[in-house]
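Engineer: output the structure for:
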Amino acid sequence: MKLFKKMFYEGVITDEFTFLSILNGFSDLAILSEGREALGDAHLVSDQVLVKDVVLMTTLIVGYIQHGEDSEVLEVFNEMVSMGIKGNDFTFSSILIACGNIADMSRGKQIHDLVLYTVVHTGCQDIILRRNAYHDPYRGSFGSDRLKYAEDVQGLIEYGTSGHVAGFIIETIQGIGEIVELAPGYLPAAYNSIKKAGGLCIVDEVQLGFTRSGSHFWGFEAHGVVPDIVSISKGIGNGHVVLKVIKKEQLQQNAFAVGSYLKEYLMSLKEKYKIIGDVRDRGLILGLELVTDYQLKTPAKVKTLRIMDSMKEMGILVGKGGFHGSMFRVTLPLCFSKEDADYFADVMDHAMSKI
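Structural biologist: Residues are numbered from 1 along each chain as shown. Predicted coordinates for the structure are as follows:
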């Protein structure tokens, strides 16, 4: 800002690139000591630009959003409207972020006005999905209506491709994606759309295959479909006699029994510690969603790492996944016993008690 003021007072003529470079600097949180003061300077810079356009105004909007100044976003947008500047897709998607911070708004009508502007601009009459919205990726934009999810696949084929696709790859339970199961009936409908478009149906069984789900040998069996290709990995055992061992030692039954046993233990921890927002499982693949607020389900990213480190010190390694890195991803070996489950849960109990 000092350099800009020096240029201004010395009469140096600046171009649009100079102004945008300065504004981008203001939008970087890492270099700010006092956000509100800096944003005021940013607006001062923009006031010096004689010809304002959508890029300049959108840059200001992004800067205010990063500092939580949602009311200022409305002011900038209203200024754009009064000047006849039409927003682009990035402008409106940025405004939606500000609309999401409803608690910071003084007038609800302003929020609805901006959302309606977005609907008119995009032509989208359905739910507009954005990160951390009420209809977020965790809940799904279509709620529990599995047919609409399947229709989305068909719509993508019709409007996003030539009508012919190479293939469709899916996990029947998302592994690193927070241990989320598919809605019942979704996969058969999606496969039907793919086959009509000439594509191959491929299922990823790297984490779930070889009886880890407990209820079935393969994850896709639970959905009543037969894929064209199954991808497998470590579970094949490097050429050892996997199938005979699974059958002889009844490892599928073990996965079901021990998985159910461990889930009961983890559910008791959920009642004990409000940091556990949800427990999801299928056999020996489990996920624990950690939150800082039990009602809002706010991701507990920092505490997740602390608990992981504490468990590691006691000899238990767990992975993390999910969009926010706040999900414990536990994919246990088929030989896992109830005694192992007791030790695992006891260690987690102790680690959480120290947070």
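
Engineer: show the pLDDT at the closest residue to residue 168 other than its chain neighbours.
Structural biologist: Using CB to CB, 6 or more residues apart in numbering and skipping residues adjacent in sequence, the residue nearest residue 168 is residue 194, 4.3 Å away. For glycine as for every other residue, the C-beta is placed from the backbone atoms N, C-alpha and C. Looking at residue 194, its pLDDT is 96.

Engineer: all helices of the stretch 151-300 of the chain, in order?
Structural biologist: Listed from the start of the chain, the stretch 151-300 of the chain has helices (DSSP state H, counting those that start in this stretch) covering 186-196, 242-248, 251-272.

Engineer: could those be laid out in JSON lines, adding mean neighbour count?
Structural biologist: Converted to JSON lines, the helices of the stretch 151-300 of the chain look like this (neighbours: other CB atoms under 10 Å):
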{"stretch": "helix 186-196", "mean neighbour count": "19"}
{"stretch": "helix 242-248", "mean neighbour count": "13"}
{"stretch": "helix 251-272", "mean neighbour count": "17"}
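
Engineer: any idea which of these scores lowest on pLDDT?
Structural biologist: Mean pLDDT across the helices of the stretch 151-300 of the chain is lowest at helix 242-248; the value there is a mean of 89.

Engineer: got the contact list for it?
Structural biologist: Contacting residues not belonging to helix 242-248 are listed as 210, 211, 235, 236, 251, 252, 334 [CB atoms under 8 Å, 6 or more residues apart in numbering].

Engineer: to residue 316, which of the helices of the stretch 151-300 of the chain lies closest?
Structural biologist: Comparing those against residue 316 with CB to CB, the closest turns out to be helix 251-272 (12.7 Å).

Engineer: and the closest one, what does it pack onto?
Structural biologist: Taking 3 or more CB pairs under 8 Å, 6 or more residues apart in numbering; DSSP states H and E as contact, the helices and strands that helix 251-272 lies on are strand 276-282, strand 285-293, helix 338-353.

Engineer: which of the ones you listed is buried the deepest?
Structural biologist: Each of the helices and strands packed on helix 251-272 was scored by mean neighbour count; the highest is strand 285-293, a mean of 22, by mean count of other CB atoms under 10 Å.

Engineer: give the partner strands of it in its sheet and their orientations.
Structural biologist: For strand 285-293, the paired strands and their directions (DSSP bridges) are strand 276-282 (antiparallel), strand 298-299 (antiparallel), strand 327-331 (antiparallel).

Engineer: nearest to residue 340 among those strands would be which one?
Structural biologist: Evaluated with CB to CB, those place strand 327-331 nearest to residue 340, the distance being 11.7 Å.

Engineer: so who does the residue nearest to residue 168 touch?
Structural biologist: Neighbour list for residue 194: 153, 157, 165, 167, 168, 200, 201 [criterion: CB under 8 Å, 6+ apart].

Engineer: any idea how far it is from residue 86?
Structural biologist: When CB to CB, to the nearest Å is applied, the distance between residue 194 and residue 86 equals 39 Å.

Engineer: take the strands paired with strand 285-293 and write them to a markdown table, including distance to residue 149 and mean pLDDT.
Structural biologist: Formatted as a markdown table, the entries for the strands paired with strand 285-293 read as follows, by distance: least, CB to CB, whole Å; pLDDT from 0 to 100:
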| stretch | distance to residue 149 | mean pLDDT |
| --- | --- | --- |
| strand 276-282 | 18 | 92 |
| strand 298-299 | 24 | 88 |
| strand 327-331 | 21 | 89 |
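
Engineer: compile those strands into CSV and extend it with columns for distance to residue 291.
Structural biologist: Rendered in CSV, the data for those read as follows (distance: least, CB to CB, whole Å):
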stretch, distance to residue 291
strand 276-282, 4
strand 298-299, 6
strand 327-331, 10
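
Engineer: domain ranges for this structure?
Structural biologist: For the chain, automatic domain parsing gives the domain ranges 2-122, 146-247, 251-353.

Engineer: weakest of these by average pLDDT?
Structural biologist: Comparing mean pLDDT over the domains of the chain, the weakest stretch is domain 2-122, at a mean of 59.

Engineer: narrow the contacts of helix 242-248 to those that are buried.
Structural biologist: 210, 211, 235, 251, 252, 334 (16 or more other CB atoms under 10 Å).

Engineer: ok, which pair from these is furthest apart?
Structural biologist: Between any two of the buried ones among the contacts of helix 242-248 (CB to CB), the greatest distance is 12.4 Å, for 235 and 252.

Engineer: between the helices of the stretch 151-300 of the chain, which gets nearest to residue 293?
Structural biologist: Evaluated with CB to CB, these place helix 251-272 nearest to residue 293, the distance being 14.7 Å.

Engineer: the closest one to strand 327-331, inter-axis angle?
Structural biologist: Between helix 251-272 and strand 327-331, the angle formed by their directions is 160 degrees, by axes from the mean of the first three to the mean of the last three CA atoms, to 10 degrees.
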